[in-house]
Structure formats: structure tokens, C-alpha cells
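**Student:** Have a look at this prediction, sequence included:
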Amino acid sequence: MGNFLLNTGSIIMCPHGGLVSHSSTTWTTYRISGRPPMLQTDLYMVSGCPFPSPCTSVQWVTGSTMLVVKGIPVLTVASVGISSSASMIPNGPAIISSTQLGESEPDSFTSINE
């Protein structure tokens, strides 16, 4: 059984407690527990980071190796994201604080083009 998948209901934070918001850059009808998936190449912006050089964005280094949507890996609870300041200085790993628990990565590679 694979890792749980992230969808737009998942809560992600920067390492200092700032909230990460998700903006989809790829339109799809595919849903995870009724919500759009979080894809590795979508935009992830941070607000409310109290760090002296506040986090402003998250770039995801890894996504699912078993599930891609329109050629883009879906994020899972095991995905690694790096929070960065406005000048793109890395400030630490993103924290996935909650997500849906109903759908996991498939056992075999799956590509969805919807």
C-alpha cells in the first residue's frame, strides 16, 4: 500500500508556522476524496511566516512515483518540499500537518490524463 495522497483539503505549513496555500496550474477532472489533487508543479505560496527572512513559497522536490496526472506527479505525505524566502533562500522543509486518509498511491504505476 502506497502513501496517502494530498488534495486541496490538505494542510501544509512552513517550518516556522506559516500557512501554505495551493494554486493549481494544471486543470484536471481527477479527484482525490472529492477534491482536486495537489501536483508537484502547482504554485505553493506561504503567508504568515514569522521568520526574520519569511518563507514565501514552497518548491516540491519529490512527488509520487506511482501516480501522475497529465504527466505531473501527485504529492503524497512522503513528498519533500522546501520553503524559501522571497529571494529564494531555502528556509527548511515544508510540514504536511494533515491530509485525507481515504486514498493512497496505487500499487502499480498509473497515469491519468483527465
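**Tutor:** Arrived safely, thanks for sending. Residues are numbered from 1 along each chain as shown.

**Student:** would you list every one of the strands in the protein?
**Tutor:** Assigned by DSSP state E, the chain shows strands spanning 11-13, 19-23, 43-47, 55-60, 67-69, 72-73, 81-85, 90-93, 95-98, 110-112.

**Student:** So which bits of the second one are buried?
**Tutor:** Right, the one you point to is strand 19-23. Val20, His22 (16 or more other CB atoms under 10 Å). Placement of C-beta: from N, CA and C, glycine included.

**Student:** Which other helices and strands does that strand contact?
**Tutor:** Under the contact criterion of 3 or more CB pairs under 8 Å, 6 or more residues apart in numbering; DSSP states H and E, strand 19-23 touches strand 11-13, strand 43-47.

**Student:** what stretches of the chain score poorly on pLDDT?
**Tutor:** Scanning the chain for pLDDT under 70 picks out 1.

**Student:** His9: how many residues sit nearby?
**Tutor:** To be clear, residue 9 is Gly; His isn't right here. 15 (other CB atoms under 10 Å).

**Student:** Relative to Phe51, how far out is it?
**Tutor:** Gly9 is 26 Å from Phe51, where distance means CB to CB, to the nearest Å.

**Student:** circling back to that earlier point, just put the strands of the chain in TSV and tack on distance to Tyr30.
**Tutor:** TSV is the format used below for the strands of the chain (distance: least, CB to CB, whole Å):
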stretch	distance to Tyr30
strand 11-13	20
strand 19-23	15
strand 43-47	18
strand 55-60	18
strand 67-69	5
strand 72-73	11
strand 81-85	21
strand 90-93	27
strand 95-98	20
strand 110-112	5
